[in-house]
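1. What follows is a predicted protein model with its sequence.
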Amino acid sequence: MSTGTPKKGKKIKKGKAPQKKSLNRRVGILAAVAVGVAVVALGAIFFISNSGSSSSGQAGNFPVQVGSPGPGEEAPPIELPSTEGGTFDLSSATAQGETVLLYFQEGLMCPPCFDQIKDMEAQSGAFEELGIDRTVSITNDPLDALEQKVEQEGITMPPVLSDPNLAVSKTYDANKYGMMGGSHNGHTFIVVGPDGEIQWRADYGGAPDYTMYVPVPDLLADMREGLEGGHRRPMVDVTLLTQENCAFCEQAKEVLGRLSAEYPISVSVLDLDTPEGQALGERGGVMFPPGIFVDGEPFSYGRPSEKKLRRELDRRLGAAGRSPCSRR
């Protein structure tokens with residue numbers, strides 16, 4: 001006769017286990033979807049960077065900014081491990097009378113950046129005709145990963161230098177012209193002469209276009225125009241004071257990115273929290289970011305006005321006898 005008591009040896013299953021498994025499965029699916037979306041988003045960005053990149057071999061086809069240090073200034077030292085073995089030392093190269101082209105790029109997560117290297121290698125003779133003796137590329141990926149990448153891609157020249165903590169890249173402000181918020185370089189080219197001075201600079205990777213590939217004929221045309229122009233600095237220097245978690249700061253970067261494609265301006269970005277930024281902000285009466293200075297003079301702070309800034313650039317360039325679109 002049954003007493004209703006469970007028989008020994010049988011375990012009563014807990015009811016919550018299936019729910020836990022189901023929850024873990026849902027979390028796993030969501031994580032996979034998130035990763036997939038991120039990959040697709042990056043792919044879209046890279047596609048847009050490369051779309052419309054048909055080459056005409058003319059200067060000014062791609063928006064460009066000129067960061068700091070710029071033409072006429074001494075190039076900061078570079079001593080980094082190279083994929084061709086050993087260490088590349090910029091001062092040693094220039095001491096031997098070489099003119100060096102530096103290419104700062106985003107790294108392994110940027111397929112167009114390595115397409116750029118391969119196309120530059122294929123047309124190395126054209127760079128030699130411009131007086132370039134050596135070219136090196138610089139990114140923040142570890143050396144072993146870069147060595148594997150160049151072997152896979154069949155790249156022999158130019159070598160890629162590993163700058164893991166961006167210690168060198170930051171001295172050139174190359175990480176301020178990319179899409180990753182300063183954690184990676186953008187798409188910056190710099191020519192350093194035998195005297196150790198910068199002869200030409202172009203930062204293609206900044207907002208709003210985030211260009212990650214420049215057809216070699218167009219790159220050569222920009223270089224030729226800059227190098228044959230007497231190494232002139234841009235007519236107007238613009239300094240942007242920024243701060244983290246500042247929506248207006250990002251808006252100001254986009255505005256200056258658009259204007260730099262139309263006006264001969266040099267844009268430098270300075271963090272308001274640094275001693276230099278604080279000193280400049282106090283001198284210019286910047287109450288809150290972003291602060292904009294034109295040729296060292298305070299222009300505005302807070303929400304940027306593209307219309308007012310255009311008028312100011314037109315005024316200054318008009319007074320100097322230069323056309324606003326003279327650099328295109």
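-> Now that the structure is in, tell me what you want to look at.
2. Where does the closest residue to residue 105 other than its chain neighbours fall, secondary structure wise?
-> Spatially, and ignoring its direct neighbours in sequence, residue 105 is nearest to residue 113 (4.0 Å; CB to CB, 6 or more residues apart in numbering). Just so you know, the C-beta spots here come from the backbone N, C-alpha and C atoms, and that holds for glycine as well. Residue 113 is located in helix 111-122, with elements delineated by DSSP states H and E.
3. what's the next secondary structure element after that helix?
-> helix 124-129.
4. Name every strand pairing with whichever helix or strand comes after that following helix and say which way it goes.
-> Later in the chain than helix 124-129, the nearest helix or strand by DSSP H and E is strand 134-139. Strand 134-139 has the following sheet partners, assigned by DSSP bridges: strand 100-104 (parallel), strand 160-162 (parallel).
5. Nearest to residue 69, out of those strands?
-> strand 100-104 (11.5 Å; CB to CB).
6. all helices of the stretch 51-200 of the chain, in order?
-> 90-95, 111-122, 124-129, 143-153, 167-171 (DSSP state H, counting those that start in this stretch).
7. buried sites along the last one?
-> Using 16 or more other CB atoms under 10 Å as the burial criterion, the residues of helix 167-171 that qualify are 168, 169.
8. likewise the longest one?
-> Buried residues in helix 111-122, counted by 16+ other CB under 10 Å: 111, 112, 113, 114, 116, 117, 119, 120, 121.
9. Out of the residues you listed, flag the one nearest to residue 243.
-> Relative to residue 243, the closest of the buried residues of helix 111-122 is residue 113; by CB to CB it sits at 29.1 Å.
10. so what's the closest one up against?
-> Contacts for residue 113 were tallied using CB atoms under 8 Å, 6 or more residues apart in numbering; they are 105, 106, 107, 139, 187, 212, 213.
11. In three-state terms, label the last one for me.
-> Remark: residue 213 carries the secondary structure label coil [criterion: DSSP: H, G, I helix; E, B strand; the rest coil].
12. Now do it against residue 110, distance only.
-> Distance of residue 213 to residue 110, computed by CB to CB, to the nearest Å: 9 Å.
13. more neighbours, these two?
-> residue 110 (26 against 23; other CB atoms under 10 Å).
14. what's around the residue nearest to that one when sequence neighbours are not counted, how many residues?
-> Distances taken as CB to CB, 6+ apart place residue 212 nearest to residue 110, at 5.7 Å, with adjacent residues excluded. Neighbours of residue 212 under the rule other CB under 10 Å: 25.
15. can you map out the strands along the protein?
-> Under the criterion DSSP state E, strands of the chain are mapped to 79-81, 87-89, 100-104, 134-139, 160-162, 188-192, 198-203, 236-242, 265-271, 291-294, 297-301.
16. Next, the angle from the fourth one to helix 111-122.
-> Meaning strand 134-139. Inter-element angle recorded for strand 134-139 and helix 111-122: 170 degrees (by axes from the mean of the first three to the mean of the last three CA atoms, to 10 degrees).
17. and of the helices of the stretch 51-200 of the chain, who's closest to residue 63?
-> The nearest among those, by CB to CB, is helix 111-122 at 16.0 Å.
18. what about that closest one, distance to the chain center?
-> Relative to the chain's own centre, helix 111-122 is displaced by 16 Å; criterion: CA atoms, centre = their mean, to the nearest Å.
19. the inter-axis angle of it versus strand 188-192?
-> Using the same axes, to 10 degrees: helix 111-122 against strand 188-192 is 30 degrees.
20. start to end distance for stretch 159-176?
-> 23 Å (CA to CA, to the nearest Å).
21. Please list the outside residues in contact with that stretch.
-> Contacts of stretch 159-176 (CB under 8 Å, 6+ apart): 67-69, 76-84, 88, 102, 104, 117, 136-143, 146, 149-150, 182-186, 188, 190, 203, 206, 268-269.
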